[in-house]
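> using only what follows, build the 3D model:
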Amino acid sequence: MEFDLDNAFFGDIEGEEFQKGAVKATVTVKKNREVYDFTFALDGVVVVPCDRCLDDLEIEVSTENTLKVKLGDDYADDGDVVIVPEQDGDFNFAWYLYEFIALALPMRRVHAPGKCNHEMTGKLKKHSPEASDDAENGEQDIDPRWADLKNIQIEEDN
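Numbers count the residues shown, from 1 in each chain. Take a look at the predicted model:
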């Protein structure tokens, strides 16, 4: 089975990581005794906010994940196997698709150097701490509440 996950899909999921994208999902199912083995191949692009400037950033996604599903009495998800009530017989894996994509994203999501929103990076530079005149000596202004910590000596027991 193949699915095209578009902005409507991501908007309906209402996840916090991202709400836009175009990802092709190929899902295969194999039955092994009492367990259904789902394989999800996901390829495409999602749009996330840049960690630095908050503008949209497109990130390519290419991942393959598996999930085991079993029929049982009550719904359960223990991480290894999802149990779906046999009387329902339905398994909505939309949230799992979203989670697999989210897990494939890098921890740090920033534009390439020079590609961030220049207005935002200018504001960040304006409000970032600047080195004092003592920077030439390798020292920076230190909050006086923390300055006394430099004088603490740690004694080691031998």
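
> restricting to C-alpha, output the worst-scoring helix or strand of the chain on mean pLDDT in CSV.
One helix or strand of the chain scores below all others by mean pLDDT, DSSP states H and E: helix 144-147, with a mean of 78. The C-alpha trace of helix 144-147 is given here as CSV (Å, rounded to 0.1, in the frame of the first residue of the first chain):
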residue,chain,number,x,y,z
PRO,A,144,29.1,39.6,40.8
ARG,A,145,27.0,36.9,42.4
TRP,A,146,29.1,34.3,40.7
ALA,A,147,32.5,36.0,40.8
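
> looking at the chain, which strand is longest?
strand 56-72 (DSSP state E).

> helices or strands next to that strand in the packing?
Other helices and strands packing on strand 56-72, by 3 or more Cβ pairs under 8 Å, 6 or more residues apart in numbering; DSSP states H and E, are strand 20-32, strand 35-49, strand 81-85, helix 94-104. The C-beta positions use only the backbone N, C-alpha and C, and glycine is treated the same way.

> need the ones you listed in TSV with mean neighbour count, mean pLDDT and distance to Ser62, can you?
What follows is the helices and strands packed on strand 56-72, written out as TSV (neighbours: other Cβ atoms under 10 Å; pLDDT from 0 to 100; distance: least, Cβ to Cβ, whole Å):
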stretch	mean neighbour count	mean pLDDT	distance to Ser62
strand 20-32	14	95	10
strand 35-49	16	95	5
strand 81-85	16	90	24
helix 94-104	17	95	7
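
> which one of these lies closest to Gly72?
Smallest distance to Gly72 across these (Cβ to Cβ): 3.9 Å, for strand 81-85.

> what's the closest one in contact with?
With Cβ atoms under 8 Å, 6 or more residues apart in numbering as the contact definition, strand 81-85 has outside contacts at 35, 67-77, 90-91.

> farthest-apart pair in the residues you listed, please.
Between any two of those, the greatest separation by Cβ to Cβ is 19.7 Å, found for Leu67 and Asp73.

> quick one: which of these two has more around it?
Using other Cβ atoms under 10 Å as the criterion, Leu67 and Asp73 rank with Leu67 on top: 20 against 9.

> dump the residue contacts of the closest residue to that one other than its chain neighbours.
Nearest in space to Leu67, with sequence neighbours left out and distances taken as Cβ to Cβ, 6 or more residues apart in numbering, is Phe38 at 4.5 Å. Taking Cβ under 8 Å, 6+ apart as the criterion, Phe38 is in contact with Val27, Thr28, Val29, Thr66, Leu67, Lys68, Val69, Phe93.

> sweet, I'm off.
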